[in-house]
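In: Only the shape, not the letters, is given here:
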């Protein structure tokens, strides 16, 4: 496991070990550049430059009822490629081709986009872990967590769509000397789940796994779609106490 982005320490004191409930209502979405139907399914790139704005994958969720004290979330995504082995361009983390600077998570939507609701108001902080080769040699897994300060917890409206996070893919090492092979290969990113957390006494921390509109995006427009594209390998819910150990 490659750990290369650590959440600010106080996050672990914001969220406690919480119970789990499954939700069949509500739903999750994944798109390029904006939430749900407002975003794009595919992102193309000519792999000819190493600079300019990153490519942004946006995860969002349509909230279920009963979330009056929302404080943070965890989530899991899987990357599938059309190669026998995960291309170097998709290998992130210390000691990998793209290193620690090729991928970043972001929870700040104060400067847009503005299509969906933003609960965080710029206050969320979090971290992530990237696992190369997880599940198969041509795959990877990305795990994300974030939280607002405990005193900023509050209600999310059932049926409204909220921004969860951005996954920013930087263009570094896409072209020229020192570049990582595989930028031009097709890939698919699948959002498996988003789990929403409240304080322990509520006993209601819904794990949302069903797509509201679309739970995957594609890279370089796969012709037939890499194996597994658009399907969900839903994980069972976990307590925050267990999940936070991933980032130590």
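Out: Thanks, I have it. What you see is a predicted model; the values in this text were computed from it and never measured.

In: contacting residues around residue 84?
Out: 137, 138 (C-beta atoms under 8 Å, 6 or more residues apart in numbering). (C-beta placed from N, C-alpha, C; glycine too.)

In: List phi and psi for it.
Out: Dihedral pair for residue 84: phi -70, psi -30, per degrees, to the nearest 10.

In: From residue 133, how far off is it?
Out: 12 Å (C-beta to C-beta, to the nearest Å).

In: so what pLDDT did residue 243 get?
Out: Residue 243 carries a pLDDT value of 34.

In: hmm, I was thinking of residue 229
Out: Looking at residue 229, its pLDDT stands at 72.

In: Which parts of the chain are helices?
Out: For the chain, the helices defined by DSSP state H occupy 11-14, 240-243.

In: Check residue 159 and give its pLDDT.
Out: pLDDT for residue 159: 96.

In: quick one: contacts for the residue sitting furthest away from the middle of the chain?
Out: For the chain, the largest distance from the centre (C-alpha atoms, centre = their mean) belongs to residue 177, which lies 30.0 Å off. By C-beta under 8 Å, 6+ apart, no residues touch residue 177.

In: do the same with the one 10 residues further on
Out: Under the criterion of C-beta under 8 Å, 6+ apart, the neighbours of residue 187 are 79, 80, 81, 82, 90, 218, 219, 220, 222, 226.

In: same thing but at 6 Å, please
Out: 81, 219 (C-beta atoms under 6 Å, 6 or more residues apart in numbering).

In: Could you do residue 134 as well?
Out: Per C-beta under 6 Å, 6+ apart, neighbours of residue 134: 140, 141.

In: Torsion angles phi and psi at it?
Out: According to degrees, to the nearest 10, residue 134 has phi -70, psi 120.

In: which stretches of this protein aren't confidently modelled?
Out: Along the chain, segments meeting pLDDT under 70 span 1-25, 224-228, 230-248.

In: Can you report how many residues lie near residue 78?
Out: Around residue 78 sit 24 other residues, with neighbours defined as other C-beta atoms under 10 Å.

In: ok, now which ones touch it?
Out: Residue 78 is in contact with 141, 190, counting by C-beta under 6 Å, 6+ apart.

In: Run through the bridge partners of it.
Out: The partner list for residue 78 in beta bridges (DSSP bridges) reads residue 141, residue 190.

In: Look up how far residue 190 lies from it.
Out: Distance, residue 78 to residue 190, using C-beta to C-beta: 5 Å.

In: try residue 109
Out: Taking C-beta to C-beta, one finds residue 109 at 22 Å from residue 190.

In: Quick check: closest non-adjacent residue to residue 29.
Out: Spatial nearest neighbour of residue 29, excluding adjacent residues (C-beta to C-beta, 6 or more residues apart in numbering): residue 36 at 3.9 Å.

In: was I right about the one you found contacting residue 215?
Out: No. Residue 36 lies out of contact with residue 215 (C-beta atoms under 6 Å); the separation is 10.4 Å.

In: give me the number of residues near residue 174?
Out: Around residue 174 there are 22 residues (other C-beta under 10 Å).

In: again, but for residue 124
Out: 24.

In: Isn't it up against residue 149?
Out: No. Here residue 124 does not reach residue 149: they are 9.1 Å apart, not a contact under C-beta under 6 Å.

In: what's around residue 204, how many residues?
Out: For residue 204, the neighbour count with other C-beta under 10 Å is 20.

In: That one against residue 66, yeah?
Out: Yes. Taking contacts as C-beta under 6 Å, residue 204 lies within contact range of residue 66: 5.3 Å.

In: So for residue 36 and residue 215, which sits in the more crowded spot?
Out: Under the neighbour definition other C-beta under 10 Å, residue 36 and residue 215 were set side by side, and residue 215 has more, 26 against 23.
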